[in-house]
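Chemist: please work out how this folds:
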Amino acid sequence: EGEGTASPLPLGEGSGVRDSRPPHARSPHSYPPRKKIGAWGTLAVMSFYATKMLATGQGGMVVGSDRRLMARIRDLVGYDNRKDYKVRYNYPMSALQAAIGREQLARLDGFVQKRRSIAERYEWTLGGLPVLLPSDAPNAGEHIYFRYVLRLLEGSDRFIRHAQKRGVEVKRPVFRPLHRYLGLPANRFAGTENVFRSAVSIPLYPSLSDADVRKTGAVVRGFFDK
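Modeler: Numbers count the residues shown, from 1 in each chain. Presented below is the predicted three-dimensional model:
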């Protein structure tokens, strides 16, 4: 069994850190099948931000099999009442956030089921359009639909303006690709650039109403039916 703590932090080279977002404890809700999230690598980092599968507003969790690294993380996330002086951080998860997280964890299977139900409605509504749907991906496994991402064959800029003008909040899956922040040449990341230009995430979360699901589907279809 792994151990848990509240925050991910830099641990130096060779730590084997894996981003396990979105968090879900049981393998049927992840890919590949029958392998638990957090079971890869030495450490797995999970985010509990408001848009994640399990949300506490802010914060996150690290699980790991290396007790030395887990002790290092615990040492880094709190700086108060220490006998020595070295760099540490004030990154505690509050008891209130943890209580919210525990309550959400108990409902996580239901959250995944609702996401899959909404995704099925999108598949039915958007089938036949000139877009790639999540179900079109090879080796998709059992999708948990953390996001519902469309790939538009002609780029997403005009579609984003179309949807937002009609009150449907759609966005690219990331605000900006990492290589652009690092000043690296775009031609070295042609695949990333292509996905960034063509991919767009449409609303999908457990509390999304039936009316909003219908509206989102109609707005997407309306873009192509013109």
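
Chemist: now the strands for the chain?
Modeler: Assigned by DSSP state E, the strands in the chain fall at 3-5, 17-19, 43-47, 60-64, 131-132, 148-152, 199-202.

Chemist: what pairs with the fourth one, parallel or antiparallel?
Modeler: Next to strand 60-64 in the sheet, as set by DSSP bridges, lie strand 3-5 (antiparallel), strand 43-47 (antiparallel).

Chemist: how about the shortest one?
Modeler: Under the criterion DSSP bridges, strand 131-132 sits next to strand 148-152 (antiparallel) in its sheet.

Chemist: which residue sits farthest out from the middle of this protein?
Modeler: For the chain, the C-alpha farthest from the mean C-alpha position belongs to Lys83; by Cα atoms, centre = their mean, that distance is 38.4 Å.

Chemist: unless I'm mixing things up, Tyr148 is touching Pro134, no?
Modeler: Yes: Tyr148 lies in contact with Pro134 (Cβ atoms under 8 Å); the separation is 6.3 Å. Glycine gets a C-beta too; all of them are placed from N, C-alpha and C.

Chemist: neighbour-wise, which of those two wins?
Modeler: More crowded of Tyr148 and Pro134, by other Cβ atoms under 10 Å: Tyr148, with 22 against 17.

Chemist: list the residues that contact that one.
Modeler: Ile118, Ala119, Tyr122, Pro134, Ser201, Ile202, Pro203, Leu204 (Cβ atoms under 8 Å, 6 or more residues apart in numbering).

Chemist: please redo it, this time with the cut-off set to 7 Å
Modeler: Ala119, Tyr122, Pro134, Ser201, Ile202, Leu204 (Cβ atoms under 7 Å, 6 or more residues apart in numbering).

Chemist: from Val131, how far off is the second one?
Modeler: Just to be clear, that refers to Tyr122. 11 Å (Cβ to Cβ, to the nearest Å).

Chemist: ok, for Ile100, nearest residue in space, not its chain neighbours?
Modeler: The shortest distance from Ile100 to any non-neighbouring residue, by Cβ to Cβ, 6 or more residues apart in numbering, is to Thr56 (4.9 Å).

Chemist: ditto for Gln164
Modeler: Val170 (6.7 Å).

Chemist: is the one you found in contact with Arg158, as I believe?
Modeler: No: under the criterion of Cβ atoms under 7 Å, Val170 is not in contact with Arg158, lying 11.7 Å apart.

Chemist: between the two, which one's more packed in?
Modeler: A side-by-side neighbour count of Val170 and Arg158, using other Cβ under 10 Å, places Val170 first with 20 against 11.

Chemist: on that earlier part again, does the residue nearest to Ile100 really touch Gln97, like I thought?
Modeler: Yes: shown here, Thr56 and Gln97 form a contact pair, counting by Cβ under 7 Å, at 4.2 Å.

Chemist: neighbour count for those two, which is higher?
Modeler: More neighbours surround Thr56 than the other of Thr56 and Gln97, with 24 against 17 (other Cβ under 10 Å).

Chemist: any chance of a markdown table for the strands of the chain, columns distance to Leu178 and mean pLDDT?
Modeler: Listed next are the strands of the chain as a markdown table, based on distance: least, Cβ to Cβ, whole Å; pLDDT from 0 to 100:
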| stretch | distance to Leu178 | mean pLDDT |
| --- | --- | --- |
| strand 3-5 | 26 | 42 |
| strand 17-19 | 13 | 53 |
| strand 43-47 | 16 | 89 |
| strand 60-64 | 19 | 88 |
| strand 131-132 | 23 | 92 |
| strand 148-152 | 18 | 94 |
| strand 199-202 | 15 | 96 |
